[in-house]
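# got a predicted structure here, sequence first:
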Amino acid sequence: MTTTLEWLGTATYRLTIDNLVVFLDAYMDRVPMAPPVGLSAADVSRADFVLVGHSHFDHLAGAEVIAANTGAKIVGSNESCRVMRERGVPGAQLLPSQGGERYRLADGVTVRVFPSLHACTWVLSDAGCDEEEHGHTGLTQDERMSLPGGLVQRVTEFVGGGSEEARILMQHIQTSAGSMNDGGPLVFLIETPETSIFFQDTSGCWTGVLSQIRADTAILAASARAAVDGEPIQGSLAGFVAMEAKLLGTKKVVLGHHDNWMPPITNGGFDTGPVRERLAVEVPGAEFIERGYLDPIAL
Ligand SMILES: [Zn+2]
């Protein structure tokens, strides 16, 4: 089988396995301030499945368009499926999942679904991906929510500035298909006779789950303060990615969610050099693959 992966910005990828086309997340139609990814959800004429990691707009939006135009089935949480139903996707195209499911995508190709965690967007993090962060452990949810938060607060402050860009950004968030609730993040393992691909779209994990999975290629989300086993990571984002790659025993690492997907909030994206260096130490032999949007990676 011929397996090809293409990045479409943020945490969205298109995976092609012979004639099978699978979208991993569906968010291509970003704010006009973000660099274009070269493909709009409306341009997608072929898709069999859309696997959605969680229900926030920067992952889910676009799945309703792809489903309508191609008949693709959407695998996502109950919350993702609720939003899709509201946007007119028929129930027959929705596969609500909690983790524990295995779906046949094509002859010889399946996907397993696992429960996962969202990054700690409630902590304000300005650290570079090699800077260690500590603290914020042992907090209850109400204590977390009373902290000066991350993305939501940043957007609120920016919108409060009242600029035209802020108006566009707010309108984008309000009209894109998504939920304020992450819906319970999921991760996926796609298996073909020749290879296996792990897909994660937000920087959080249960180490006990990851240690049960083996993946030849891992698509790992790198943004915000990572969450490990329900607590903020005591360390760096680069260290988080390397730890995950090690747990998965992966041979190829591809990043997601690390680009400048929502300027000026995302502030330029980040330098991936430290991830490469940390991987070389923690998982020697693993290949770190970096490509631009729509530049195909042969797996
Ligand atoms: Zn999210």
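Thanks, I have it.

# what does the protein put close to the ion?
Of all the residues in the chain, those in contact range of the ion (CB under 5 Å from the ion) are 56, 202. Glycine gets a C-beta too; all of them are placed from N, C-alpha and C.

# give me the residue from the chain nearest the ion.
In the chain, the residue that lies nearest the ion is H56 (3.5 Å; CB to the ion).

# where does pLDDT dip in the stretch 151-299 of the chain?
Within the stretch 151-299 of the chain, the segments meeting pLDDT under 70 span 152, 268.

# list the contacts for the residue of the chain closest to the ion?
178-179, 182 (CB atoms under 8 Å, 6 or more residues apart in numbering).

# list phi and psi for it.
The phi and psi values for H56, taken as degrees, to the nearest 10, are phi -60, psi 150.

# tell me the pLDDT of it.
With respect to pLDDT, H56 scores 97.

# next, format the contacts of H56 as TSV and append secondary structure and neighbour count.
What follows is the contacts of H56, written out as TSV (DSSP: H, G, I helix; E, B strand; the rest coil; neighbours: other CB atoms under 10 Å):
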residue	secondary structure	neighbour count
G178	coil	23
S179	coil	17
D182	coil	22
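
# what about the residue of the chain closest to the ion, distance to Q200?
Using CB to CB, to the nearest Å, H56 is found at 14 Å from Q200.

# over to A63?
17 Å.

# what are the boundaries of the helices in the chain?
Remark: helices assigned in the chain by DSSP state H are 57-60, 63-70, 78-86, 141-145, 151-160, 164-175, 207-210, 237-248, 273-282.

# which of those helices is buried the deepest?
helix 57-60 (a mean of 26; mean count of other CB atoms under 10 Å).

# run the chain-centre distance for it.
9 Å (CA atoms, centre = their mean, to the nearest Å).

# now for it, which elements pack on it?
helix 78-86 (3 or more CB pairs under 8 Å, 6 or more residues apart in numbering; DSSP states H and E).

# ok, and what's touching the helix it packs on?
By CB under 8 Å, 6+ apart, the list of residues contacting helix 78-86 from outside reads 52, 54-55, 60, 63-64, 67, 74, 76, 91, 94-96, 98, 177-179, 181-184.

# excluding chain neighbours, what is closest to A127?
E133 (5.2 Å; CB to CB, 6 or more residues apart in numbering).

# ok, now which ones touch the one you found?
Contacts of E133 (CB under 8 Å, 6+ apart): 123, 125, 127, 225, 232-236.

# apart from its neighbours in sequence, what residue is nearest V283?
Using CB to CB, 6+ apart, the nearest residue to V283 is A245, at 4.8 Å.
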